[in-house]
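# please find the sequence and the predicted model below.
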Amino acid sequence: MADPKKTQKAGAFDIRLIIAMLTGVYGLVLTIMGIGFTTDADLAKAAGVNINLWAGIGMLVFTLLFVVWAKVRPIVVTPPEEQGE
């Protein structure tokens, strides 16, 4: 087993954080569009549901879950010299 002193976390290179960043940006844009720029015509097309707002909130919740997952269970990277053992 690897020595805890020699292991490192993946940090910014964790794919979960990259996915969270992308969905967070899209979720924020959709939430802003749903709050400020939705017209009555848009609501009529979507059967009275503010779909931009709900999709944006859903994406922000997804982002929060991914960030929590990445912080609670970080990916541990072993140094190259210990991989052969």
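Sure, I can see it. Residues are numbered from 1 along each chain as shown.
# name the surrounding residues that touch whatever helix or strand Met33 lives in.
Assessed by DSSP states H and E, Met33 sits inside helix 15-36. Residues outside helix 15-36 that contact it (CB atoms under 8 Å, 6 or more residues apart in numbering) are 50-60, 62-63, 66-67, 69-70. Where C-beta positions appear, they are placed from N, C-alpha and C, glycine not excepted.
# pLDDT weak spots in this structure?
Scanning the chain for pLDDT under 70 picks out 1-7, 12, 82-85.
# which parts of it are helices?
Counting by DSSP state H, the chain has helices at residues 15-36, 40-45, 51-72.
# could you check how far the most centrally placed residue in the chain is from Leu64?
When CA atoms, centre = their mean is applied to the chain, the residue found nearest the centroid is Ala20 (1.7 Å). Taken as CB to CB, to the nearest Å, the spacing of Ala20 relative to Leu64 amounts to 8 Å.
# now do the contacts for Val49.
When contacts are counted by CB under 8 Å, 6+ apart, Val49 touches Leu43.
# so Leu53 sits right up against Phe37, yeah?
No. With contact defined as CB atoms under 8 Å, Leu53 does not reach Phe37; the gap is 10.3 Å.
# higher neighbour count, those two?
Between Leu53 and Phe37, counting by other CB atoms under 10 Å, Leu53 is the more crowded of the two (17 against 9).
# the residue nearest to the more buried one when sequence neighbours are not counted: neighbour count?
Residue nearest to Leu53 in three dimensions, not counting chain neighbours: Gly34, with 2.8 Å by CB to CB, 6 or more residues apart in numbering. Number of residues near Gly34 (other CB under 10 Å) recorded here: 18.
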